[in-house]
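1. take a look and give me a structure for this.
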Amino acid sequence: MKLIIFGPPGSGKGTYSMRLRERYGLEKISTGDIFREEIKRGTDLGKKIENYLKEGKLVPDEIVIEVVKRKLEGLDNFILDGYPRTVEQAKVLDKIAKIDAIIKINAHKEILVEKISARRICSNPKCDGNYNIANIKKTIEGVEYILPPLLPKNDMKCDKCGSPLIQRDDDKPEVIEERLKVYEQQSKPVIEYYIKKGSVPFIEVWMNRPPEEVVENIVNAIEKLKVHFLNRNP
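-> Purely as a prediction, here's the structure:
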């Protein structure tokens, strides 16, 4: 099973793809994860990527394409998170793999800004502690959002290692606005490209409930497609 998951920054696509990985035994390929690992390692590539991210800009195609091509070699079951982000990347992907379904996550900009700016991560670079202090309960254009916070047990301290929690540079409001703007500009042509092709089914869900509920909505939609590639577990 070969899937793509689309969604703006803060829509939870990384969390959803991880849970789908566990559900279906997929390899999760996230350009964001790959980039952050390069940054932590302090490689030349990581330094270049870090500069783009701090400015809220997308990493150039040539860098992203090369990284993803290496990751996809020999894989038959995967979910792509954060790729493709441009039509050029999508065209290259067509030559590498046949995608079975596309998952599209929807959310209003107001919710995304509130949720992203409330995200807190562990300051320890060796720890992956991730939290969110926002408690969102509101309805926008008929969509009811109920998104409870994910708080640490001890005030602003990581549950895993006890280190202080911090806000990432690219999670600050002024950068969020730029990230959302760039995503909208880049993703619209890509989604239109796949719609025009018409050969890949879309699964659309709203990010308006906790992750476990959104994932179940995605799973139900996958099951209803009854696609030939799905090997269900008992």
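2. this protein: helices as residue ranges?
-> In the chain, the helices defined using DSSP state H lie at 13-24, 31-41, 44-54, 61-72, 87-96, 109-117, 173-197, 211-225.
3. CSV please, covering those helices and showing distance to residue 151 and mean pLDDT.
-> Any C-beta I mention is one placed from the backbone N, CA and C, and that applies to glycine too. Output for those, formatted as CSV (distance: least, CB to CB, whole Å; pLDDT from 0 to 100):
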stretch, distance to residue 151, mean pLDDT
helix 13-24, 16, 91
helix 31-41, 23, 82
helix 44-54, 26, 84
helix 61-72, 34, 83
helix 87-96, 37, 92
helix 109-117, 14, 94
helix 173-197, 21, 90
helix 211-225, 15, 93
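4. mean neighbour count and distance to residue 78 added to the ones you listed, as JSON lines?
-> Formatted as JSON lines, these follow (neighbours: other CB atoms under 10 Å; distance: least, CB to CB, whole Å):
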{"stretch": "helix 13-24", "mean neighbour count": "19", "distance to residue 78": "9"}
{"stretch": "helix 31-41", "mean neighbour count": "16", "distance to residue 78": "13"}
{"stretch": "helix 44-54", "mean neighbour count": "15", "distance to residue 78": "22"}
{"stretch": "helix 61-72", "mean neighbour count": "16", "distance to residue 78": "7"}
{"stretch": "helix 87-96", "mean neighbour count": "16", "distance to residue 78": "11"}
{"stretch": "helix 109-117", "mean neighbour count": "19", "distance to residue 78": "26"}
{"stretch": "helix 173-197", "mean neighbour count": "15", "distance to residue 78": "17"}
{"stretch": "helix 211-225", "mean neighbour count": "15", "distance to residue 78": "15"}
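5. which stretch among those helices approaches residue 162 most closely?
-> The closest of those to residue 162 is helix 31-41. By CB to CB, the value is 19.7 Å.
6. which residues touch that closest one?
-> For helix 31-41, contacts defined as CB atoms under 8 Å, 6 or more residues apart in numbering pick out 14, 45-47, 49-50, 53, 59, 64, 67-68, 71, 81-83, 85, 125.
7. before we move on, back to that, could the helices of the chain go into JSON lines alongside distance to residue 6?
-> Output for the helices of the chain, formatted as JSON lines (distance: least, CB to CB, whole Å):
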{"stretch": "helix 13-24", "distance to residue 6": "7"}
{"stretch": "helix 31-41", "distance to residue 6": "13"}
{"stretch": "helix 44-54", "distance to residue 6": "19"}
{"stretch": "helix 61-72", "distance to residue 6": "15"}
{"stretch": "helix 87-96", "distance to residue 6": "11"}
{"stretch": "helix 109-117", "distance to residue 6": "14"}
{"stretch": "helix 173-197", "distance to residue 6": "6"}
{"stretch": "helix 211-225", "distance to residue 6": "12"}
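8. those helices: which one's closest to residue 154?
-> Closest to residue 154 of the helices of the chain, according to CB to CB: helix 109-117, at 21.8 Å.
9. show me what the closest one is packed against.
-> On a contact count with 3 or more CB pairs under 8 Å, 6 or more residues apart in numbering; DSSP states H and E, helix 109-117 meets strand 136-140, strand 143-147, helix 173-197.
10. report the contact partners of residue 214.
-> Residue 214 is in contact with 12, 16, 105, 205, 206, 207, 208, counting by CB under 8 Å, 6+ apart.
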